[in-house]
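Colleague: What would the 3D arrangement of this be:
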Amino acid sequence: MNNWGVVIVLYNPNLNQLNLTLAQILPQTRQVALVNNGPSLQKEGIVLRPYELGDNKGIAYAQNYGVALLKKRNPNLEYVFFLDQDSEISSSFFSSMLEAWQTTKTRYSNLAALSPKISRRTEKGNYSTLLFDQQGLHKRNVDFSQELLLINTLPISSGLLVSVDAFEKVGGLSEKWFIDWVDFDFDLKLLTQGYTVATTGAASIIHEIGTPNRRNFLGKKIAVTNYVLFREYYTARNGVYLIRKYGRKGKGIAKYSLGQIARRFIMLLYEPKKVRRFGTLMRGMLAGLVTSYD
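Modeller: Below is the predicted model of the structure:
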């Protein structure tokens, strides 16, 4: 399994963390595509030169672009890892994931994507796991020491190992979606077209979703993620897109998506620019209802 590469999308990255991550990657593979969605980084001290898009074209476009770059460089490329710019990995991450892929592939020949467990950076424990199976879409807190492999999962793209063949056959990531829900759309494209998406406990990655602050709401703790304003639009619009595109393929999708949108409205209580955020969320929901998700 030497025929693999790594795609990392950049947007105003922490250069120290990025260089630490690259220091783990480059001794293991030189097939790395840094795709910059933000201001030019050509004069910054990065150990590998990024590909400059010149504008923020969204995570989906940038990841597709990165895969295409690696495939052009090496037409025999079989596997790609997606990493976030602030992902923290161990020196054994890639070897553990590739070994887990081989083991999982012997059981599920149509394996298309394999995710590690996602550990929190600032809080204890792992993130819960989303599954899409006979019960529909539902969330589970998994003890990976007891259950090393889960199939039919909906992982985020951070740390994801993907078959390039399957990636191309489903058309890659949906570029119109730009950001937010892009990874879930990709997972569901694979699952609904007969592929297996799995999560392994044999490898882990440290990741933080947003920069959350825990706040009290009606006696419960909620994570206020402090998203930049434009993401409110895509969170709402793409959540509605997900319902329209997959809602009839299994129960639970509408409930989960609407629940995530509702959380964004609740977070307005604790975030600045409340009126603008409210208007942006409403505009996103309307766009999700009346525009095409393709």
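
Colleague: What ranges does the chain have for its helices?
Modeller: Taking DSSP state H as the criterion, the chain contains helices spanning 15-25, 59-73, 93-107, 164-169, 182-192, 230-246, 253-267, 274-290.

Colleague: shouldn't Thr280 be in contact with Val228?
Modeller: No - using C-beta atoms under 8 Å, Thr280 is not in contact with Val228, being 10.6 Å away. Every residue, glycine included, has its C-beta placed from N, CA and C.

Colleague: who has more neighbours, these two?
Modeller: Taking other C-beta atoms under 10 Å, Thr280 and Val228 do not tie; Thr280 has more neighbours (21 against 7).

Colleague: can you tell me which residues contact that one?
Modeller: Neighbouring residues of Thr280 by C-beta atoms under 8 Å, 6 or more residues apart in numbering: 229-230, 232-233, 236.

Colleague: Who wins on neighbours among the residues you listed?
Modeller: Glu232 (27 neighbours).

Colleague: What's the separation between that one and Ala33?
Modeller: Glu232 sits 29 Å away from Ala33, going by C-beta to C-beta, to the nearest Å.

Colleague: Poorly predicted segments of the stretch 151-294 of the chain, please.
Modeller: 208-226 (pLDDT under 70).

Colleague: how about stretch 80-91: buried residues?
Modeller: For stretch 80-91, a neighbour-count test (16 or more other C-beta atoms under 10 Å) marks 80-89 as buried.

Colleague: Out of the residues you listed, which sit inside strands?
Modeller: If you go by DSSP state E, those have 80-84 in strands.

Colleague: From these, pick the one nearest Phe94.
Modeller: The nearest member of those to Phe94, counting by C-beta to C-beta, is Phe81 at 7.0 Å.

Colleague: For that closest one, list the residues it contacts.
Modeller: Listed by C-beta under 8 Å, 6+ apart, the contact partners of Phe81 are 4-7, 94, 97, 159-162.

Colleague: Go again with 6 Å.
Modeller: 6, 161 (C-beta atoms under 6 Å, 6 or more residues apart in numbering).

Colleague: Ser257 too?
Modeller: Going by C-beta under 6 Å, 6+ apart, Ser257 touches 239, 242-243.
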